[in-house]
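Participant: got a predicted structure here, sequence first:
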Amino acid sequence: MKLLKDILYGAGLTAVNGSTDILVNEIQFDSRKVAMDDVFVAIKGTITDGHLYVQKAVDLGAKAIVCEKLPELLVNGITYVEVSDGNTALAVMASNFYGNPSKNLKLVGVTGTNGKTTISSLLYQLFKKAGYKVGLLSTIKIMVDDEVFSTTHTTPDALVINKHLAMMNDAGVEFCFMEVSSHGIHQKRTKGLVFEGAIFTNLSHDHLDYHKTFAEYRDTKKILFDELPKKAFALSNIDDKNGSVMLQNTKARKLTYALKSFADYRGQVLEAQFTGQLLKINEYEFWTKLIGHFNAYNMLAIYATADLLGLETLETLRLLSELNNVDGRFQYYISANKITAIVDYAHTPDALKNVLETIGALRTGNERVITVVGCGGDRDSSKRPVMGHIASEMSNQAIFTSDNPRSESPGAIIRDMEAGVEPQNVKKILSIENREQAIKAACQMADSEDIILIAGKGHETYQETNGKRIDFDDFKIVKQQLDNLNK
Ligand SMILES: CC(=O)N[C@H]1[C@@H](OP(=O)(O)OP(=O)(O)OC[C@H]2O[C@@H](n3ccc(=O)[nH]c3=O)[C@H](O)[C@@H]2O)O[C@H](CO)[C@@H](O)[C@@H]1O[C@H](C)C(=O)N[C@@H](C)C(=O)N[C@H](CCC(=O)O)C(=O)O
Ligand SMILES: Nc1ncnc2c1ncn2[C@@H]1O[C@H](COP(=O)(O)OP(=O)(O)OP(=O)(O)O)[C@@H](O)[C@H]1O
Ligand SMILES: N[C@H](CCC[C@H](N)C(=O)O)C(=O)O
Ligand SMILES: [Mg+2]
């Protein structure tokens, strides 16, 4: 049990009805989870409004209600607290409840359209190899040093974040790397966290269903930098046209990385092969197993962060060359017959273009590129024709298929993708709704030396249709198909 007034410290109170000198059990923002003596925080959501469930929370035993507008009917014995913003209040309360755990470790946030999982996961790997206790909050999983937890969001809600940060405190974790999504910032899931630094990767088309305009999407990402404390570092990719925008109003120490422009951390690709690339950062050269220009950017961001967090340079360089790619990020399998299958999480136009460019640059002869790709349902539909265009333009053969259809019709999503295909590329595309069949078709078409790219789902081990998830693993399926076909 915790004292309500302690949990409410800094939560932006505008009015109080009842005593805050009471003990409460847990914080809840979903009325369906409320139990005896909990405090319920009402949040205005995208589908419904938590204020509609205040009475339900009281009926289930909530002792206190935190809301933006007091209900007309106040129940005797219940404390009602009015706050200016429910999401902010929830985040601040969550941090207070768990003892403000972000203050007891060095927390680094990674934001941008692409590269967040790669950078945060590799920083986790790097600092583990360097002998530290480390935490990670990523799209793939949450790590409390060596302990693994599953996750449902790239940036989970404030209660989940702070609960795991507190576990990290208990485990003696010194550094934690976390992905900060634009949804997370917009819904204030990270409000109240004390960051040691933040990294900006890049900005391109995504989530325009949620943010409506690109400017709003950009400005949401920028908030992470605007709110950094003075002693933190703000590290930005200055080659990206929005890289300098992120640094415009921050109080933090500004640092930049780039391959093309002048920057504090300046990189160069000296040599690129299928097995890795030789990079130069400032005056140091090192080999990385990760390929593609975009990974050169990721490596730069990682090197700079290690440097800013005080890791010794030569040790960092040695450890960087040992790092293995993250699951589902350019994960490849070469069959007996020398067909290369690549599974990649590219689910945005920019990521898809980057992966296909990387593959193009590694081609040595007449090998064909066969791309299997789909787009998620109930997510930004405006990226579908763009991804359809990129896949058909940059491959010899594109097979459009389902990603996670969610509540949408798989066929309708594919039609949206087809709408982006230019007339000259129409003969290069084929649409097969069933993702396993689509992968199978790609394997049947491929000859020795050809490259199959399976994009969009990366590490995901499920496919979601109408609220149901079935087991599905791109990498397992393509490997199985190639082996079964004796290719
Ligand atoms: C669009 C979006 O981001 N939605 C998130 C949001 O839910 P919502 O706004 O739809 O909530 P709502 O259903 O309208 O409900 C409003 C409030 O009423 C409450 N409620 C509702 C019903 C009830 O009976 N009782 C009750 O109290 C709800 O608990 C909630 O507090 O708040 C929820 C709690 O934090 C999130 O789980 C939910 O994420 C949904 C599931 C989601 O899919 N989000 C994705 C898009 C997302 O956040 N993705 C980013 C990654 C993006 C990237 O690639 O960069 C991420 O960080 O994962
Ligand atoms: N720095 C980068 N720039 C552009 N594309 C990248 C970069 N890093 C990775 N990618 C591409 O984007 C895909 C997704 O990478 P990653 O999972 O690291 O991004 P993310 O930002 O975590 O995505 P999400 O928004 O889903 O959390 C990769 O599979 C790769 O194709
Ligand atoms: N973080 C991304 C994941 C998309 C992955 C793709 N496989 C899909 O399901 O749309 C999002 O929330 O938009
Ligand atoms: Mg991610």
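Facilitator: That came through fine. Numbers count the residues shown, from 1 in each chain. Ligands and ions are numbered 1, 2, ... in the order given.
Participant: how near is Asp239 to Gly267?
Facilitator: Note on Asp239: its distance to Gly267, by C-beta to C-beta, to the nearest Å, is 10 Å. C-beta here means a position set from N, CA and C on the backbone, and glycine is covered the same way.
Participant: these two: who's more crowded?
Facilitator: In this comparison of Asp239 against Gly267, neighbours counted by other C-beta atoms under 10 Å, the higher total goes to Gly267 at 22 against 17.
Participant: wouldn't that one be in contact with Ala301 here?
Facilitator: No - using C-beta atoms under 8 Å, Gly267 makes no contact with Ala301, being 9.7 Å away.
Participant: which neighbours do these two have in common?
Facilitator: Shared contacts of Gly267 and Ala301, defined by C-beta atoms under 8 Å, 6 or more residues apart in numbering, comprise Tyr257.
Participant: which element is the residue in the chain that ligand 3 sits nearest to on?
Facilitator: Of all residues in the chain, Gly376 sits closest to ligand 3, at 2.0 Å by C-beta to the nearest ligand atom. Counting by DSSP states H and E, there is no helix or strand that carries Gly376.
Participant: was I right about it contacting Asn404?
Facilitator: Yes - contact between Gly376 and Asn404 holds when scored by C-beta under 8 Å: they sit 4.9 Å apart.
Participant: which of the two has more neighbours?
Facilitator: Looking at Gly376 and Asn404 with other C-beta under 10 Å, you find the greater number of neighbours at Asn404, namely 24 against 20.
Participant: now this structure, which segments are flagged as low pLDDT?
Facilitator: Segments of the chain classed as low confidence (criterion: pLDDT under 70) are not present in this model.
Participant: longest strand of it?
Facilitator: strand 265-273 (DSSP state E).
Participant: helices of the stretch 151-300 of the chain, residue ranges please.
Facilitator: Using DSSP state H, counting those that start in this stretch, the helices found in the stretch 151-300 of the chain span residues 158-171, 182-186, 214-226, 243-247, 293-308.
Participant: tell me which of those helices sits most buried.
Facilitator: For the helices of the stretch 151-300 of the chain, ranked by mean neighbour count under the definition mean count of other C-beta atoms under 10 Å, the leader is helix 293-308 at a mean of 24.
Participant: got the angle between that one and strand 265-273?
Facilitator: For helix 293-308 against strand 265-273, the angle by axes from the mean of the first three to the mean of the last three C-alpha atoms, to 10 degrees is 140 degrees.
Participant: could you see whether ligand 4 lies near helix 293-308?
Facilitator: No - residues of helix 293-308 are not located near ligand 4 by C-beta under 5 Å from the ion, the shortest gap being 12.1 Å.
Participant: can you tell me what sits against the helix or strand that that helix is followed by?
Facilitator: Sequence-wise, the next helix or strand downstream of helix 293-308 (DSSP H and E) is helix 313-320. With C-beta under 8 Å, 6+ apart as the test, helix 313-320 has contacts from Leu126, Lys129, Ala130, Tyr284, Phe286, Thr288, Met299, Ile302, Tyr303, Ala306, Asp307.
Participant: grab the nearest non-local neighbour of the second one.
Facilitator: Put plainly, it is Lys129. Once flanking residues are discounted, Lys129 sits nearest to Leu319: 4.8 Å by C-beta to C-beta, 6 or more residues apart in numbering.
Participant: that neighbour and Ala272, how far apart?
Facilitator: Between Leu319 and Ala272 the distance, using C-beta to C-beta, works out to 21 Å.
Participant: returning to what we had before: ok, the longest strand of the chain near ligand 2 or not?
Facilitator: No - in terms of C-beta under 6 Å from any ligand atom, no part of strand 265-273 sits within range of ligand 2; the closest distance is 12.0 Å.
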